[in-house]
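A.B. asks: What would the 3D arrangement of this be:
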Amino acid sequence: MLLLTALSGTLFVLPVLVTFGIYFGLDHQRILECGFHCGSDNSNSSTGSGNSSTGTGTSGDLPTGANLTAAQYCEKSYAITPAPGRYTFNPNQWGDTNDTGSLCINVSIGTGFTNSGSDNQDYAAGFAATWQYPQGSEDSPVHAFPNADLNLPSVFPVQLSTLSGLDLDVSWAYDPDSTIVDSTNYTGLVAAEVNANVCVDMFLSSNISDANSTTGADFEVMVWLGRFGAATDPIGVADGPQENRTVNGTTFSLYYGDNSLGQHTITWLADQNTTDFTGNLGPLLRNLSSYTGPTSDDYLGYVAFGSEALYSNRNVTFYVPKLAIEVSVS
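C.D. replies: Sure thing, here's the model as predicted:
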């Protein structure tokens, strides 16, 4: 969740509290104007057969390795679960209800799983999302959350008292263009007036049956590794940080409040944009009851990594060449 400001040509002004629970329903509406070339319609399979083409490394292509192809998806929402099925990807344009912009997500499909040279099945396929959206309304500024959702039905929901580790290993980059690159162009992002974050998003509930619901869960806990633009701030920013915790050298500040769905929202904001992170996020889920957060009796049911896309005046590309999330249960 975010506490956001209205956007203008000079990015000023009035703070407003908005809600943007992550919508994961399957809406097969097609977006024909994409950051990537869309091609013909995809099938309606929940595994997402999509439009596959071998990446060439040119603008808009996902770099690929042996036995990999880059499948492109430009739907509003579409579940893409390549083998071995540990992660489900989604363009998730849940907030672009009036078709004001566009987004396409590219996902490596095939063996090899990542672009980082690892065949460890804990790692997700490499993926990238190119998007462009205009300024949204004050009460609904977020347009999309392209993401990789950890798909472990044999593990989730898991009670926090039994969660001994939630290890994240990730590298990401943002570029103000349709070209996938390995480093973040901060000057270009400022010029494009990009407003977005990069985060792990988690939902929890006291009721095990609601823990995997992004709208029905009691709690949302977010870990922000990146933040761009004057309008991108966590709920509770006006009250200041409540405490700091350090995970493997990265210091996070805690902000909290309630969103308009009535969910208690905790945000851990990194002290600087952290494009490479390895560490156990488990400690960031503990001892949160003082901030209306979950207790050890509550259940974690949803974990995803992605970027909340608010606004940009040109195409920008979010690229994740390496992502692994590992859950340890005692």
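
A.B. asks: so how far is R314 from D298?
C.D. replies: Distance, D298 to R314, by C-beta to C-beta, to the nearest Å: 42 Å. Bear in mind the C-beta positions are built from the backbone N, C-alpha and C, glycine included.

A.B. asks: so what's S307 bridging to?
C.D. replies: In this structure, S307 bridges to V198 when assessed by DSSP bridges.

A.B. asks: My guess is it contacts N195. True?
C.D. replies: No - counting by C-beta atoms under 8 Å, S307 sits too far from N195 to count as a contact (10.9 Å).

A.B. asks: the more surrounded of these two?
C.D. replies: Of the pair S307 and N195, N195 is the one with more neighbours under other C-beta atoms under 10 Å, namely 27 against 24.

A.B. asks: Can you give me the pLDDT of the residue lying closest to that one once chain neighbours are set aside?
C.D. replies: Nearest in space to N195, with sequence neighbours left out and distances taken as C-beta to C-beta, 6 or more residues apart in numbering, is G229 at 3.1 Å. As predicted, G229 sits at a pLDDT of 95.

A.B. asks: could you pull out the helices for the chain?
C.D. replies: Counting by DSSP state H, the chain has helices at residues 186-191.

A.B. asks: Would you mind identifying the helix or strand in it with the lowest mean pLDDT?
C.D. replies: Counting by mean pLDDT, DSSP states H and E, the chain has its least confident helix or strand at strand 15-17, which shows a mean of 27.

A.B. asks: returning to what we had before: of D298 and R314, which one has the most company?
C.D. replies: D298 (24 against 14).

A.B. asks: Distance check, that one against V329.
C.D. replies: Using C-beta to C-beta, D298 is found at 15 Å from V329.

A.B. asks: Name the residues of stretch 151-160 that are buried.
C.D. replies: When burial is assessed from 16 or more other C-beta atoms under 10 Å, stretch 151-160 yields the following buried residues: 151, 156-158, 160.

A.B. asks: That one: end-to-end distance?
C.D. replies: End-to-end distance for stretch 151-160: 18 Å, by C-alpha to C-alpha, to the nearest Å.

A.B. asks: And stretch 188-200, by the same measure?
C.D. replies: 24 Å.

A.B. asks: pLDDT averaged over that stretch - what is it?
C.D. replies: Mean pLDDT, computed over stretch 188-200, is 97.

A.B. asks: please begin residue numbering at 28 from this point
C.D. replies: That works, and once the first residue is 28, the last one we named lands at stretch 215-227.

A.B. asks: so what's M249 bridging to?
C.D. replies: With DSSP bridges as the criterion, M249 is bridged to D228, T294.

A.B. asks: Enumerate every residue touching it.
C.D. replies: M249 makes contact with 28, 226-229, 261, 292-295, according to C-beta atoms under 8 Å, 6 or more residues apart in numbering.

A.B. asks: Can you report how many residues neighbour V274?
C.D. replies: The tally of other residues near V274 (other C-beta under 10 Å) stands at 19.

A.B. asks: what's the closest non-adjacent residue to it?
C.D. replies: Here the residue nearest V274, using C-beta to C-beta, 6+ apart, is G306, at 4.2 Å.
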